[in-house]
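A.B. asks: Fold the following for me, if possible:
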Amino acid sequence: MDYMFAPGFLGTRAPFFMDFVTLIVVILPLLVYSAIIFAKKKFYKIHGFLQNLIFVVSVIVVGYFEYGVRVGGGFDAFMQGSKVSHSYASVVLIVHIIIATITLLYWGVTVAKANYQFSKGLIPGRKSNAHKLLAFKTFLGIVFTSFSGIWVYLLLFVY
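C.D. replies: Predicted coordinates for the structure are as follows:
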């Protein structure tokens, strides 16, 4: 696992794993939106498959990220070299964690409910706006998680 802490590929102070996770965080809203397009075009099986795949891969990436942070010494170790105040970066990190946690919970509920409904022969969102509303909130959370994650990355490794 030494590769995780090799210099990253984005040209910052970040190690490889941070650059990799940040890249995933940047493209995540685009991937999710692409899957949403399939639902809008009534390709529900493809939509469901993609949403499940993206969700599972995202959970694995979060685990990979958390492992890297813990082994790498945590927030304080990654703050070294940053010119940003520790307290400011801490507040931004806390906001990011809150948004990301709520989003992950919403996303998990959205996927679980949709899978259950689909297994019963129902198409979530077709006759009810409940799925669409929960999915919309989840998508907004993914977008906010992405932006706040990028913000944390910039504070730790660029500024």
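A.B. asks: Give the closest residue to the residue nearest to the spatial centre of the chain in space, chain neighbours not counted.
C.D. replies: The residue at the geometric middle of the chain, judged as the C-alpha nearest the mean C-alpha position with Cα atoms, centre = their mean, is Val25 (5.3 Å). In this structure, Val25 finds its nearest non-sequential neighbour in Gly149, 4.4 Å apart by Cβ to Cβ, 6 or more residues apart in numbering. Where you see a C-beta, it was placed from the backbone N, CA and C, and this is true even at glycine.
A.B. asks: For the residue nearest to the centre of the chain, list the residues it contacts.
C.D. replies: Neighbouring residues of Val25 by Cβ atoms under 8 Å, 6 or more residues apart in numbering: Thr145, Ser146, Gly149, Ile150, Tyr153.
A.B. asks: closest to Gly72 among those?
C.D. replies: Within these, the smallest distance to Gly72 is 13.9 Å, found for Tyr153 (Cβ to Cβ).
A.B. asks: isn't that closest one right up against Met18?
C.D. replies: Yes. Contact criterion Cβ atoms under 8 Å: Tyr153 and Met18 qualify, at 6.7 Å.
A.B. asks: For those two, indicate the residue with more neighbours.
C.D. replies: Between Tyr153 and Met18, counted using other Cβ atoms under 10 Å, the more crowded position is Met18 (24 against 21).
A.B. asks: Fine by me, thanks again.
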